[in-house]
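J.: curious how this folds, go ahead:
(chains A, B and C)
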Amino acid sequence: MIRMEPRAETSRRIAIIAPIAAVVVALVLAAIPLLAAGQNLGEAYGLMFKGAFGSAFSFSETLTRATPLILTGLAAAVAFRAKFWNIGGEGQFYLGALAAVAVGTGAISAPAWILLPLVLIAGAAAGAVGLIGPAYLKTRFNTDEVVTTLLLNFIIILLVQMLLQGALKDPMSLGWPQSEPILDQAILPPLVDRFRVHWGLIVALGAAIAIYIVMRHTVLGFQLRAVGENPHAARHAGISVSGTMLKAAAISGALAGLAGVSEVAGLKGYLTSDISPGFGYAGIVVAMLAGLSPIGVVISSIFIAAIFVGADSMSRAIGVSNYLADLVVALSLLCVLVGGVAARYKFRWMGLKGREV
Amino acid sequence: MAAAKSRPAKNGDSKPVILELDKISKRFGPVIANEDVSLTLRRGDVVALLGENGAGKTTLMNVLFGHYVCEEGEVRVASENGKMVQLTPGSPQASIDAGIGMVHQHFTLAENLTGFENIILGVEPLFGLANKRREARKKIEDLMESSGLGVDLDIRVSSLTVGEKQRVEILKALFGDTRVLVLDEPTAVLTPQESEGLFETVAKLAAGGLAVIFISHKLHEVLAASHRIVVLRGGKFVGELITADSDKRRIAELMVGHEVPGSKRERIGAGDIVLKFNRANVDGIDDRRSLHDADFEVREKEIVGIAGVTGNGQAALAALISGLVEPDSGTVEFQGKTVTKFTPKIFMNSGIGRIPEDRHHDGVVGSMNVSENLAIENLDDDRFSNNGMLRFAGFRKYAENVIDAYDVRCSGPDAEARLLSGGNMQKLILARVLDTEPKLILANQPTRGLDVGALTEVHKRLLAARERGAGVVLISEDLDELFALADRVVVIHSGNLEDAGEIENLDRASVGLMMAGHSTEAQAS
Amino acid sequence: MEFLEIFLNENFWQAAIRIATPLIFGTLGALICERAGVLNLGIEGIFTAGAMSGWMAVWLGAGLAGGLLTAMIVGAILGLLHGILTVPLGLSQHVSGIGVTMLATSLAYFTYRTTLPDVTSPPRIEAFQPLDIPVLSDLPFLGPALFQHTFMTYLAFFLVFVVAWVLKSTPLGLAIRAVGDNPSSVDSQGMSVYALRIGAIMAGSSLMALGGAFLTMAAFDAFFFGMVNGRGWICIALTVFASWKPRKALLGALLFGAFEAYQVRLQTEVGSFVPGEVFLMAPYILSIVALIIVARSADYPRALLVPWFKGER
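T.: Residues are numbered from 1 along each chain as shown, chains lettered A, B, ... in the order given. Predicted coordinates for the structure are as follows:
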């Protein structure tokens, strides 16, 4: 039998190695269905790598894909720090996107330096509101936030579909359920000519730095960590657990909302009900891979984005289903969870009879 | 020494040996929990295993019961033909099969099942049908008859009293044709009177041939209930005595290792009222978590001891003084002013320091470091923050001072709090509370689980705070502690507070009676 | 008037029970896991995997029984994974469950796409046909409403009573309830907390997979992407609503089925004024409301979400 013993100090080295090892193991495990499907492993993974990093264009695509992931990853990281399990990043993403088109498609006409911040703020606010609801239910009625945020994802996407058929529908879209295009003044412009990577990336990186400072250097961040680690002791020490959790929820929802704005205003230019291929859910994996560290989120988003972009490209080239990407992402999450155990515990082989050997 | 003891026919004792622990050593990493401990048990023996918290009593029993595997030594039990055979290490099932039953300090009962269901749990084959219930019930009823352990078997355990739950635990332990019964601190949750009843049961069972190991750190119980006493200190065997030939002082010295320090306390005149309850009610989900019409006051320079068996409303009282709950009716006055808002923050800021009952649960955030845990109650303080930004230099400087002044043993301000020993963790909390010079201090079980050194330190600090002028509410289940520190004792029972009076006019017996719910008026009549 | 007439329609009741069937399987499964002390948010993915694998087994010629067996085995394997992660390793049951859902979903989709790379319309199988119960199915109104369902619906109802009986009256049920309340009670009697919990999760997960299989093998006859559509999460809410009791779970699922069947019919009546999405949102909103109303009753398994490690008390 194997016994787990807690490590006296969490080793920094293991904390860094664990996610990397997790990713490697995930890629190895994903090779099993690949092989079962009769594919050439080297070719498939090679094409994926090339598709993600092989050229300036493909790297730009990876960064473009990483942009919303950084924001949804930060959203998950902040909430999870407070042990508030926000699985509703997907819904808050759509709320942000919805607010962006509500504000940015002509309702207000203003120069870019006013309209663009306004769109960002509206999106963040919408996302925040979307998560404060479940947070309030948790603090007030102890309603499991995982289930409420998950159910809200479905509700919000239906809401988006409804509005895209009605109030927000573009009359010029020839019947497609999509919104009117965002005004030019509300657009997050491209960073480099002829590439799709846009100013949303700068917003995301700025958010990562801001969250790092909040978590590490402010009273709020301190309170958030304390509530997450031991709510009883935090409450006893005069920290309002409900208040802190609501603040964490507001920040988390706002970040996910910003991701929605970034996709609408930076990439697509209009809203459809399938604009997110699961950015909210992938954000959970991003955050877990990063060990909830804001700076780590940037790195792990680029990795996850590379998996998606690479898999798409590989899928086009050799016809392997791009669901492989989702598979690798899911496996990465499970592996990093196990890796986290290895970082916190020593495994000791106890022999078959339980006696130490 | 141990080898000599395992030979039969010592002291003319000819009852058959049924259990031997032979030179048991058990380590957890660098920590020695047991070293070279031996113990022999015969039919009908009642052996007390005595030692302070952390002396290794529970560890030893966990080795016996297969929860831990010892590094050295072995456990032997008598087989059917009377030969001593080794018990398979690390197998609770082997211990159960050998007829060893244990009653843990924390009850191992499923509260959503009835007492009967708890007892037969695991007795029937898991994938079979419920087919042995009739026989089982007959057997339990016989056991109840012979042991005097009466309890309603057909209601959910969650609605039993603590004493009744313990009876279910004992029945559960006896059910499997038990030859050796281990009781781990069985009286911790009982009133003195309930404890008496338990000792009678133990005597009755022993007379019927059962061997009992009875773990305790309370001297008077050990003297009252056992035939022999085995004393452990720091994980080591330090002596074995025949109860009838020993006296309290000698056992205490063996247990503690040096002269027992009597806390010297001088009477000083109490000052103005700091805290006052006027018919304060807290409606908890049951009596154990409620406070009924409490009238209560604490003065400056006074330690008020709250005596009571754990789970009689102490939690509600502590929560009220900590600002964690509001009274459902009645008022609370602090320094003559009626309190209107109840939050921990407001209470702390107005000068109430709180030492929580459960250090790990409520006292510290284990994964945060020492300096963060020291600052956590005063984050708004200029030393620790500025416009919402933390000042780590202030954290560190303050922590260094405190670590020094309160002798908190740790690797430094950056050490994670969870790595501190119980005593050092308590010093950290004490420092955080006392350093703000509070006018009122709530000390809820402040020495539970501490060794003598740390305990003495806590007592000294509390007395010093009283000297300085603070009022102290000391909640303790340890009468020794109350008699050593308190100026006045208030007894709590089923959520009711009752003034027992000045310490000089009190004796243990009368406080014990009140703890069991016999009020002073009832005694008078 | 036509709002009430819906209730008099036997097709309405038949639809209600059909919609309730997968929820019954799923809620029973979730309930068994939670009674043993482990929240299984893998449910959504296990539904998907059960739906896909059951369907595919039949499509490959294993027969309907083979399909059900395949789905159950797949469910049990995914349950084993969740069990290992949450029980001996003690990982967050929330995050592990989400991970299992992501894994099971992507694995099901990947397998489906890889097996059938080029199909545009999903291939169909010979699904379970309604099984008319002799005599009873000829009853007016009650017959079509209650006794003209597929084998799987009858199975779901039967399982409600089996699970209720096992939990209440057998040694195994006793042990499962005990381990979800206080694992030490089981440990101290020499039973394995780990084995009991993992076993319960595997059993519960195979029931969840049956819920998924119902979708592709009885309600429809093909597999579609996104067909589970949050049903798993609704089962988690229903478990709380049912206070962890099988019969109440049945009641909750039926109420839910009736509500959905009703709104579908109502939609045709008032669809012109209210967008269809509002009706589609209703079940999710209803789940949230159910969670708030019934939040944490006294029956909450005390050890739910609390990891237990051997040797720590």
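
J.: B:Pro192 reaches B:Ser510, doesn't it?
T.: No. Applying Cβ atoms under 8 Å as the test, B:Pro192 and B:Ser510 come out as separate, 10.7 Å apart. Backbone N, C-alpha and C define where each C-beta goes, glycine included.

J.: leaving out sequence neighbours, find the closest residue to the closest residue to chain C within the stretch 151-300 of chain B.
T.: Taking Cβ to the nearest Cβ, chain C has its nearest neighbour within the stretch 151-300 of chain B at B:Lys172, 7.8 Å off. Spatial nearest neighbour of B:Lys172, excluding adjacent residues (Cβ to Cβ, 6 or more residues apart in numbering or on different chains): B:Ile119 at 4.8 Å.

J.: same deal with A:Gly253?
T.: Spatial nearest neighbour of A:Gly253, excluding adjacent residues (Cβ to Cβ, 6+ apart): A:Leu131 at 3.1 Å.

J.: okay, the one you found: pLDDT?
T.: A:Leu131 carries a pLDDT value of 97.

J.: where does it sit, in terms of helix or strand?
T.: Element membership for A:Leu131 (DSSP states H and E) is helix A:112-141.

J.: in that helix, which residues are buried?
T.: Within helix A:112-141, the residues scored as buried using 16 or more other Cβ atoms under 10 Å in any protein chain shown are A:115-116, A:118-135, A:137-139.

J.: and stretch A:62-81, anywhere near chain B?
T.: No. Judged by Cβ under 8 Å from any Cβ of the partner chain, stretch A:62-81 stays clear of chain B, getting no closer than 11.6 Å.

J.: helix, strand, or coil at the nearest residue to B:Phe342 once chain neighbours are set aside?
T.: Spatially, and ignoring its direct neighbours in sequence, B:Phe342 is nearest to B:Glu326 (4.3 Å; Cβ to Cβ, 6+ apart). Assigned with DSSP: H, G, I helix; E, B strand; the rest coil, B:Glu326 falls in the coil class.

J.: how many neighbours does B:Glu326 have?
T.: By other Cβ atoms under 10 Å in any protein chain shown, 16 other residues sit near B:Glu326.

J.: cool, and C:Phe225?
T.: C:Phe225: 14 neighbours (other Cβ under 10 Å).

J.: equivalent analysis for A:Ile14, please.
T.: When neighbours are defined as other Cβ under 10 Å, A:Ile14 has 15 of them.

J.: ok, the nearest residue to B:Ile492 once chain neighbours are set aside - contacts?
T.: The spatial neighbour of B:Ile492 that comes closest, neighbours along the chain excluded (Cβ to Cβ, 6+ apart), is B:Gly308 at 3.8 Å. B:Gly308 makes contact with B:314, B:475, B:477, B:491-493, B:515, according to Cβ atoms under 8 Å, 6 or more residues apart in numbering or on different chains.

J.: cool, and A:Leu224?
T.: Shown in contact with A:Leu224 (Cβ under 8 Å, 6+ apart): A:78, A:81-82, A:215, A:244, A:247-248.

J.: please apply the same query to B:Lys57.
T.: B:49-51, B:184, B:215, B:217, B:232.

J.: for it, grab phi and psi.
T.: Taking degrees, to the nearest 10, you get phi -70, psi -50 for the backbone angles of B:Lys57.

J.: give me the distance between stretch B:306-313 and the centre of its chain.
T.: Using Cα atoms, centre = their mean, to the nearest Å, the mean C-alpha position of stretch B:306-313 is found 12 Å from that of the whole chain.

J.: start to end distance for it?
T.: With Cα to Cα, to the nearest Å as the measure, stretch B:306-313 spans 11 Å from end to end.

J.: so what's the closest residue to B:Gly234 other than its chain neighbours scoring on pLDDT?
T.: Leaving aside its chain neighbours, B:Gly234 sits nearest to B:Ala55 (6.5 Å; criterion: Cβ to Cβ, 6+ apart). In this model, B:Ala55 is scored at 77, pLDDT.

J.: B:Asp487 too?
T.: Reported pLDDT for B:Asp487: 92.

J.: what residues does it make contact with?
T.: So B:Asp487 contacts B:267, B:270, B:302-304, B:502-503 (Cβ under 8 Å, 6+ apart).

J.: would you mind naming what in the stretch 201-350 of chain A lies close to chain C?
T.: Near chain C, when you scan the stretch 201-350 of chain A using Cβ under 8 Å from any Cβ, you find A:281, A:284-285, A:288, A:319-321, A:323-324, A:326-327, A:329-331, A:333-334, A:337-338, A:340-341.

J.: now, the residues you listed that are in helices?
T.: Residues of these located in helices (DSSP state H): A:281, A:284-285, A:288, A:323-324, A:326-327, A:329-331, A:333-334, A:337-338, A:340-341.

J.: which residues in the chain form strands?
T.: Chain wasn't specified; assuming chain A. A:2-6, A:345-349 (DSSP state E).

J.: looking at chain C here, not the other one
T.: Using DSSP E, strands in chain C cover C:131-132, C:148-149.

J.: between those strands, which gets nearest to B:Ile346?
T.: For the strands of chain C, the distance to B:Ile346 is smallest for strand C:148-149, at 61.7 Å, taking Cβ to Cβ.

J.: packing partners of that closest one?
T.: Other helices and strands packing on strand C:148-149, by 3 or more Cβ pairs under 8 Å, 6 or more residues apart in numbering or on different chains; DSSP states H and E, are helix C:10-35, strand C:131-132.

J.: mind running it again at 6 Å?
T.: The helices and strands touching strand C:148-149, judged by 3 or more Cβ pairs under 6 Å, 6 or more residues apart in numbering or on different chains; DSSP states H and E, number zero.

J.: run through who's touching it.
T.: For strand C:148-149, contacts defined as Cβ atoms under 6 Å, 6 or more residues apart in numbering or on different chains pick out C:130, C:132, C:137.
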